[in-house]
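K.L.:
Got a predicted structure plus its sequence, pasted below:
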Amino acid sequence: MGIFDFISKEKKESLDKGLEKSSKNIFSKLGKAIAGKSKVDDQVLDELEEILITADVGVTTTIKIIERIEKRVAKDKYLNTSELNNILREEIAGLLEENHTSDVSGFEISADKRPYVILVVGVNGVGKTTTIGKLAAQYKQLGKKVILGAADTFRAAAVDQLKIWGKRVEVPVVSHGMYSDPSAVAYDAVKQGVDQQVDVVLVDTAGRLHTKINLMNELSKIKRVMQKFIPDAPHEILLVLDGSTGQNAFIQAQEFTKATDVTALAITKLDGTAKGGVVIGISDQFKIPVKYIGVGEQVGDLQPFNNREFVESLFKQ
């Protein structure tokens, strides 16, 4: 899905509503920062820097944005404060585009990769299992045949929750039960995917193992057994992050990118926070495409990320 592709009215309304808290938070502060001012000066930029940092854009990324706006000010000599909103949109959308967020294709999968294997990682509580269920539902709506692998065997709730999602969306779930070998579950899920000629295999994994080394070893083992059936599996390693945790999401991203080769991000629970700027910061700092964002409870509220639409909604007055 390209950055200028059409997005349905319903999806756009869901996105606007999901980012409403973040948008109001930014604009209430921005309004105060530029009150009584006619041009963008150092004081306005200092205020803007603080606004972006408190929106959890992150210090490093905020400085990049401010520097880009400073260049615009220097080039145009006189920049009206009424133009600041549009400039912010343009510079942030440009930054996201540079970080290849427009290169991902949402629910589209390569025709020559069947089954397309997605390994889903993330700590407990970020909405990982729910994200898998929503992905399965949307793939099925697109006519894809899907299998789920319940390889988060360290938490009974995770296995049970995935089974509930499987029943809800009528998708089979491969499960060996709690405390079974996660790699054995992944092995069987991929094997069944190959045998039954499914389109997508989604494999859940443990949210936390005692150390980073244990996590790395476990994920490496899972990948090795998958490759017995499909040499280039998994085709995607999707890291799920909870957007409402702000800076903690940065730490989680840091740990998982060290432990495995994360290729895409899903950032959830953005509807419950005023800190939607975390999407911008994480994309910029880790240079990993944001593929999905969660902006509500409904299945369709897990949306393919579109950087232009995201920026328009985030900076919607």
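P.N.:
Cool, got the structure.
K.L.:
continuing past the host helix or strand of residue 188, what's the next helix or strand?
P.N.:
In this structure, residue 188 sits in helix 182-195 according to DSSP states H and E. Per DSSP H and E, the first helix or strand lying C-terminal to helix 182-195 is strand 200-204.
K.L.:
export the helix or strand that that following strand is followed by as CSV, just CAs?
P.N.:
On the C-terminal side of strand 200-204, the nearest following helix or strand under DSSP H and E is helix 212-226. The C-alpha coordinates for helix 212-226 follow below in CSV (Å, rounded to 0.1, in the frame of the first residue of the first chain):
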residue,chain,number,x,y,z
LYS,A,212,18.4,-11.9,26.3
ILE,A,213,20.6,-14.9,25.6
ASN,A,214,17.8,-17.3,26.4
LEU,A,215,15.4,-15.3,24.1
MET,A,216,18.0,-15.2,21.3
ASN,A,217,18.6,-19.0,21.6
GLU,A,218,14.9,-19.8,21.6
LEU,A,219,14.1,-17.6,18.6
SER,A,220,17.1,-19.0,16.7
LYS,A,221,15.9,-22.6,17.4
ILE,A,222,12.4,-21.8,16.2
LYS,A,223,13.8,-20.3,13.0
ARG,A,224,16.0,-23.4,12.4
VAL,A,225,13.1,-25.9,12.6
MET,A,226,11.0,-23.7,10.3
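K.L.:
Let me see the mean pLDDT of the following helix or strand past helix 212-226.
P.N.:
Moving toward the C-terminus from helix 212-226, the next helix or strand (DSSP H and E) is strand 236-242. Looking at strand 236-242 alone, the average pLDDT works out to 95.
K.L.:
List the contacts of strand 236-242.
P.N.:
Residues outside strand 236-242 that contact it (C-beta atoms under 8 Å, 6 or more residues apart in numbering): 116-122, 125-128, 131, 248-249, 252-253, 256-257, 260-269, 282, 288, 291-292. In this view, the C-beta of every residue, glycine as well, is placed from N, C-alpha and C.
K.L.:
what comes up buried for the longest helix seen in the chain?
P.N.:
Scanning the chain for the helix with the most residues, using DSSP state H, yields helix 59-76. For helix 59-76, the neighbour count (16 or more other C-beta atoms under 10 Å) marks 61-62, 64-66, 68-69, 73 as buried.
K.L.:
which helices and strands does the helix holding residue 188 pack with?
P.N.:
Contacts defined by 3 or more C-beta pairs under 8 Å, 6 or more residues apart in numbering; DSSP states H and E place helix 182-195 against strand 116-121, strand 146-150, strand 173-174, strand 200-204, helix 212-226.
K.L.:
For residue 80, which of the ones you listed is the nearest?
P.N.:
Distance to residue 80, taken as C-beta to C-beta, is lowest for strand 116-121 among the helices and strands packed on helix 182-195, at 45.8 Å.
K.L.:
so what strands line up beside the closest one?
P.N.:
strand 200-204 (parallel), strand 236-242 (parallel) (DSSP bridges).
K.L.:
Could you check the first one and say which residues are buried?
P.N.:
Going back to what we said before, that points to strand 200-204. In strand 200-204, counting by 16+ other C-beta under 10 Å, buried: 200-204.
K.L.:
what kind of secondary structure is the closest residue to residue 278 other than its chain neighbours in?
P.N.:
Nearest non-adjacent residue to residue 278, counting by C-beta to C-beta, 6 or more residues apart in numbering: residue 56, 4.3 Å away. The three-state assignment at residue 56 reads coil, by DSSP: H, G, I helix; E, B strand; the rest coil.
K.L.:
Tell me the secondary structure of the residue nearest to the spatial centre of the chain, please.
P.N.:
The residue lying closest to the centre of the chain (C-alpha atoms, centre = their mean) is residue 266, at 2.1 Å. At residue 266 the chain is in strand, as set by three-state DSSP.
K.L.:
Pairing partners for it in the sheet, please.
P.N.:
residue 240, residue 292.
K.L.:
what about it, distance to residue 188?
P.N.:
24 Å (C-beta to C-beta, to the nearest Å).
K.L.:
same check, this time on residue 157
P.N.:
According to C-beta to C-beta, residue 157 and residue 188 sit 21 Å apart.
K.L.:
Looking only at neighbour counts, state which of the two leads.
P.N.:
More crowded of residue 157 and residue 188, by other C-beta atoms under 10 Å: residue 188, with 17 against 11.
K.L.:
Excluding chain neighbours, give the residue nearest to that one in space.
P.N.:
residue 174 (5.0 Å).
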